[in-house]
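In: Build me a model from this:
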Amino acid sequence: MYLLDGIDEVPDESVDTFCSDLTMLLSEDPDALLIMTCRQGFYREVRDKLPVGLAEFNLLSFNTEDIATFVSHEGLNPEDFFREIEKSDFGLEASNPFTLGTLVSALKLRGQLEPLRSANLRIVVDAILAEHLDRQPQEARRALRLLAVAMEVYARNALTRQEALRVFQQGMRISARDAERLLGNLCTS
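Out: Predicted coordinates:
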């Protein structure tokens, strides 16, 4: 049995080799059990490079009962939490486990959530940037804004890797190498 956790952390320049090696491993050991974990965005990018016939499972978002259980476990009253979420129109996002944990921490620290949805979103984005990126959060936030503007201009919800790299190079006036590193960090966070 092989357990490969966090394959989205394979460096970009090694992904093709990793996928080829994995295909070879499974062809040499067809009875092997394989469990891999990764972020959904990464999986969408590499799905066609992975061995054929892998079963896919996606984690489901938390439902209301899951949220209430988590909030209770963290020492908060679920009804109070749901009222705070409702006030800022941030309910759907709270079904994501990371977002939920961040909002609960913010509520415990401040005694209330921010009244505006955008302010609570900023709390979550800042928590993601602080936890996962090796660059300055201000630079990462700027990069995310540039991507959002580019997607708005292109009128679609995704950019190709080359488009994103070009946006970083031109919008942030950074080298191709720095753009690659920044995009790699954002993709794995």
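In: Going along the chain, name the helices of this protein.
Out: Here the chain has its helices, by DSSP state H, at 15-28, 40-46, 64-73, 78-87, 97-110, 117-132, 137-154, 161-172, 176-187.
In: closest one to residue 6 among those?
Out: helix 40-46 (9.5 Å; CB to CB). C-beta here means a position set from N, CA and C on the backbone, and glycine is covered the same way.
In: And the chain, what are its domain boundaries?
Out: As assigned by automatic domain parsing, the chain contains the domains 2-49, 64-130, 136-187.
In: Same list, those, but as TSV with distance to residue 55 and mean neighbour count please.
Out: Shown next, in TSV, are the domains of the chain (distance: least, CB to CB, whole Å; neighbours: other CB atoms under 10 Å):
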stretch	distance to residue 55	mean neighbour count
domain 2-49	10	13
domain 64-130	22	16
domain 136-187	24	14
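In: need the ones you listed in CSV with mean pLDDT and distance to residue 58, can you?
Out: Below are these laid out as CSV (pLDDT from 0 to 100; distance: least, CB to CB, whole Å):
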stretch, mean pLDDT, distance to residue 58
domain 2-49, 88, 6
domain 64-130, 91, 13
domain 136-187, 85, 18
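In: Out of these, flag the one nearest residue 57.
Out: The nearest among these, by CB to CB, is domain 2-49 at 9.6 Å.
In: gap between the closest one and the chain center?
Out: 18 Å (CA atoms, centre = their mean, to the nearest Å).
In: and residue 56, which of the domains of the chain is closest to it?
Out: domain 2-49 (7.7 Å).
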